[in-house]
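**Q** Compute the structure for the input listed below.
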Amino acid sequence: MRLSQLLKECGKNMDNLLTMKETASYLRIHPMTLFRLCRLNKIPFINISSGNIQARYRFKKEVLDKWMENKLSDFRQGELSDYKPN
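**A** Presented below is the predicted three-dimensional model:
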């Protein structure tokens with residue numbers, strides 16, 4: 001998918017997309033933890049890089065909210081198989 005198409009789907013501009021730093025702050029996790037979640041495809045994200053450029057991730061707050069609700073629901077139902085306490 002081309003970047004222009006992706007931006008149209010995301011609200012026609014990047015104002016509604018969060019950066020890694022903003023997302024880490026919103027989720028109250030360390031940026032490196034967020035990066036690892038992205039690399040493992042454990043969190044919904046948009047990769048806005050192209051070619052051989054280092055990955056640049058962006059996030060939609062609404063999608064993150066829904067993802068967190070689903071994870072919390074899974075946890076409450078005892079179905080969070082990848083949860084490992086410290």
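
**Q** longest helix of the protein?
**A** helix 61-76 (DSSP state H).

**Q** could you give me the average pLDDT of that helix?
**A** Helix 61-76 shows a mean pLDDT of 88.

**Q** Which strands and helices lie in contact with it?
**A** helix 20-27 (3 or more Cβ pairs under 8 Å, 6 or more residues apart in numbering; DSSP states H and E). Yep, even glycine has a C-beta here, placed from its N, CA and C like the rest.

**Q** Check which residues of stretch 22-30 are buried.
**A** Within stretch 22-30, the residues scored as buried using 16 or more other Cβ atoms under 10 Å are Thr23, Ala24, Leu27.

**Q** what do you get for stretch 56-70?
**A** Tyr57, Arg58, Phe59, Lys60, Leu64, Trp67.

**Q** so how far is Asp74 from the second one?
**A** I take that to be Arg58. Computed with Cβ to Cβ, to the nearest Å, the distance linking Arg58 and Asp74 is 25 Å.

**Q** again, but for the fourth one
**A** Going from Lys60 to Asp74 by Cβ to Cβ gives 20 Å.

**Q** and stretch 19-36, C-alpha only, in CSV?
**A** The C-alpha trace of stretch 19-36 is given here as CSV (Å, rounded to 0.1, in the frame of the first residue of the first chain):
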residue,chain,number,x,y,z
THR,A,19,4.8,8.8,17.5
MET,A,20,6.7,6.1,19.4
LYS,A,21,7.5,8.6,22.2
GLU,A,22,3.9,9.7,22.4
THR,A,23,2.6,6.1,22.4
ALA,A,24,5.1,4.9,25.0
SER,A,25,4.0,7.8,27.2
TYR,A,26,0.3,7.1,26.6
LEU,A,27,0.7,3.4,27.4
ARG,A,28,3.1,4.2,30.3
ILE,A,29,5.8,1.9,29.1
HIS,A,30,9.4,2.4,28.1
PRO,A,31,10.0,3.3,24.4
MET,A,32,12.2,0.2,24.0
THR,A,33,9.4,-2.0,25.3
LEU,A,34,7.1,-0.5,22.7
PHE,A,35,9.7,-1.0,20.0
ARG,A,36,10.0,-4.7,21.0
